[in-house]
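[1] Whatever this is, show me its structure:
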Amino acid sequence: MPLAAQQPRADLATARSGVILDAYSFGSGFAFDNVVEWTVPVTVSQHLGQQLTVDLSAAFARASGATTSGNFRVSGFTDTDVRASWATGSGHLILAVAATLPTGQETVPDSTVPLLSALATELLAFTTPTLGSGGGATGGFATAFRLGERWAGGVAASYRWHAGYTPVAGGGRLEPGGEGRVRLGVEGPVGARGGGYFRGAAVYTASGVDTTASSAATPNGSRSGIGDRILAYSSVSLPAGASSLVFYGYDMYRLRPRGLAAADSNAVQVPRGNVFALGARFERTLSPALGLAPNVEFRSELTGESAGSLTLLGWLVRPGVDLRYRASGQVTLLVQGQMAFGRLADSNGGSVSLVGPRAVVLVDWSR
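    Numbers count the residues shown, from 1 in each chain. Just a heads-up that it's a prediction; the model follows:
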């Protein structure tokens, strides 16, 4: 039987908040001179007994983008996610439900659309890519099982329903399609003595067609869609004396949208795409209360229309360092500093340089 100390406390509560800065400056000739975003996230988790956990997460974000013709700004609270997960008595099956409350800014002026498009670029990976929606609900499960003596496998699936809303002032009401997701994963020790550890997963996401009601801009309404996505992720942790070295990589491929007729002149199709990343972290414990982790990541994004090959949208290299300090038995401080360098395609068929810092200061509290 497990020892009592190994069981999660029935009344354990944790909270996290802080400040995150994402900023980029671009070379001359690009649509933006710079884009800056500040995010203040808040997450709270509460165990209600040994099997039920309730989580809440929200944030406040402020973003601005400078161009030669003027500045763009957007700010406000994001939507609030409330999730409850229940673990069965065996611990091998977890059921989860989540509600997205529309506390964010679901309707924005059309003048902010260029800035929001920049925030949503997957290559740049802004912390808060959008401020709000009409809300929604998600239900799903996850289960794990043995694979031999030392390895384990897992399966998870979920479905998300999105409520309708009006994303742009003066535009039509958007009815987003549903989203289904299936995840398969494995993990276990590797190496002659089992000193390393491998984790791998594959995720398939399918999205329905979005429909926008008629408006002044689109009298007959419009339909849009994003293609199914296939994501593969793996990481391996290797011992390095008193430290550990972690290598990871992932590849997300976005297919052409389904359910849109070629004859539909109002159809808007999100282009095919591929986001690829490789990274490494050197995790070292300097003292029982202090840990240091230098890290580096390479990321690239390709994009293309329904037919033809994909073209390079951009790439970047992001070196940095993480510092984790356990101030007490209840408070932990996390500080991250990174700097990105790379290139981004422009509208003239060439590319421009990009450079920008990411700074994170978060405080974890538990009781």
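[2] Would you check that residue 86 makes contact with residue 51?
    Yes. Taking contacts as CB atoms under 8 Å, residue 86 lies within contact range of residue 51: 5.7 Å. Every residue, glycine included, has its C-beta placed from N, CA and C.
[3] can you give me the strands for the stretch 51-200 of the chain?
    Taking DSSP state E, counting those that start in this stretch as the test, the strands found in the stretch 51-200 of the chain are 52-67, 70-77, 80-87, 93-101, 136-147, 151-162, 174-175, 179-190, 196-207.
[4] By mean pLDDT, show me the worst of these.
    Mean pLDDT per stretch puts strand 174-175 lowest among the strands of the stretch 51-200 of the chain, at a mean of 88.
[5] what packs against that one?
    Counting contacts by 3 or more CB pairs under 8 Å, 6 or more residues apart in numbering; DSSP states H and E, strand 174-175 packs against strand 210-212.
[6] So in that sheet, which strands flank the strand it packs on, and in what orientation?
    strand 174-175 (antiparallel), strand 222-225 (antiparallel) (DSSP bridges).
[7] Take the ones you listed and write them to a markdown table, including mean neighbour count and distance to residue 123.
    A markdown table is the format used below for these (neighbours: other CB atoms under 10 Å; distance: least, CB to CB, whole Å):
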| stretch | mean neighbour count | distance to residue 123 |
| --- | --- | --- |
| strand 174-175 | 19 | 25 |
| strand 222-225 | 19 | 21 |
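[8] okay, the ones you listed in JSON lines with distance to residue 359 next?
    Compiled in JSON lines, those are given as follows (distance: least, CB to CB, whole Å):
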{"stretch": "strand 174-175", "distance to residue 359": "34"}
{"stretch": "strand 222-225", "distance to residue 359": "35"}
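[9] Which stretch among those approaches residue 193 most closely?
    strand 222-225 (49.8 Å; CB to CB).
[10] count of neighbours near the nearest residue to residue 52 once chain neighbours are set aside?
    Sequence neighbours aside, residue 86 is the residue nearest to residue 52 in space, at 5.2 Å (criterion: CB to CB, 6 or more residues apart in numbering). With neighbours defined by other CB atoms under 10 Å, the count for residue 86 comes to 16.
[11] ok, now which ones touch residue 86?
    51, 52, 53, 94, 95, 96 (CB atoms under 8 Å, 6 or more residues apart in numbering).
[12] Quick check: what element follows the helix or strand of the chain with the lowest mean pLDDT along the chain?
    Within the chain, confidence by mean pLDDT, DSSP states H and E is lowest for strand 267-269 among all helices and strands, at a mean of 64. Sequence-wise, the next helix or strand downstream of strand 267-269 (DSSP states H and E) is strand 272-287.
[13] what about the strands in the stretch 251-367 of the chain?
    According to DSSP E, counting those that start in this stretch, the strands that the stretch 251-367 of the chain contains are 267-269, 272-287, 290-304, 311-326, 331-345, 351-366.
[14] Take the third one, keep the C-alpha atoms, and write them as PDB.
    Only the C-alpha atoms of strand 290-304 are listed here, as PDB (Å, rounded to 0.1, in the frame of the first residue of the first chain):
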ATOM      1  CA  LEU A 290      17.800  27.000  -5.700                       C
ATOM      2  CA  GLY A 291      17.700  25.500  -9.200                       C
ATOM      3  CA  LEU A 292      19.200  26.800 -12.400                       C
ATOM      4  CA  ALA A 293      18.300  25.700 -16.000                       C
ATOM      5  CA  PRO A 294      20.000  27.300 -19.000                       C
ATOM      6  CA  ASN A 295      18.000  26.500 -22.200                       C
ATOM      7  CA  VAL A 296      17.800  27.100 -25.900                       C
ATOM      8  CA  GLU A 297      15.100  26.500 -28.500                       C
ATOM      9  CA  PHE A 298      14.900  26.600 -32.300                       C
ATOM     10  CA  ARG A 299      11.500  27.100 -33.900                       C
ATOM     11  CA  SER A 300      10.300  27.500 -37.500                       C
ATOM     12  CA  GLU A 301       7.000  27.800 -39.300                       C
ATOM     13  CA  LEU A 302       6.000  26.900 -42.800                       C
ATOM     14  CA  THR A 303       2.800  27.900 -44.500                       C
ATOM     15  CA  GLY A 304       1.100  27.300 -47.900                       C
END
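[15] helices and strands around that strand, which ones?
    Strand 290-304 is packed against strand 272-287, strand 311-326, with contacts defined by 3+ CB pairs under 8 Å, 6+ apart.
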